[in-house]
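**Q** from the sequence below, what's the structure:
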Amino acid sequence: MQSIYERIEHLIAEKGMTKKAFCQQLKISTGNLGDWKRGKSIPSTNKLIEIAAFFDVSLDWLMIGRPSKEAMVREKREDYFFGVLRQLDCQESELSTEEQSFISEYIEFTRYRKSKESRNAADFRYKEEDKPETDESI
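**A** Numbering: from 1, shown residues only. Here you go, the predicted model:
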């Protein structure tokens, strides 16, 4: 698997630029470029966005080598849900029974936690209303 630096280096070569010219155009120090090469650091998020825009490549490809999202989108007219839960963006045929079970349990856990948080918040509000007024609150 290529590193971010190797993909940047590939783009520089593909564009027929020198590394120095690349650094000057994108206001990157040659020291930073050297650190990227040695794996000492990686470009900041903002710099990755600039580099992706400069070379007209996707951020996904630049960061992890994955093709652009456009190449990955699967247009289907099928239902994107499974079971009664109607979980968004899941294809039943793409999930194993264990995965579906795990997701169902996680959703139930999340619902339980949210209801518990709501009850705790309601209890807190109720307790606040019952407090006697002090001179400070008047």
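**Q** which element is Glu117 on?
**A** Using DSSP states H and E, Glu117 sits in helix 97-130.
**Q** average pLDDT for that helix?
**A** Across helix 97-130, pLDDT averages out at 75.
**Q** buried residues in it?
**A** Gln100, Ile103 (16 or more other C-beta atoms under 10 Å). Every C-beta, even on glycine, is put in place using the N, C-alpha and C of the backbone.
**Q** and that helix, what does it pack onto?
**A** In this structure, helix 97-130 makes packing contacts with no helix or strand, judged by 3 or more C-beta pairs under 8 Å, 6 or more residues apart in numbering; DSSP states H and E.
**Q** out of the helices and strands in the chain, which is least certain?
**A** Using mean pLDDT, DSSP states H and E, helix 69-72 stands out as the lowest-scoring helix or strand of the chain, at a mean of 50.
**Q** any idea how far apart the tips of stretch 47-62 sit?
**A** Using C-alpha to C-alpha, to the nearest Å, the gap from the first to the last residue of stretch 47-62 comes to 11 Å.
**Q** okay, now Phe54: neighbour count?
**A** Neighbourhood size, Phe54 [other C-beta atoms under 10 Å]: 13.
**Q** in what helix or strand does it lie?
**A** helix 45-55.
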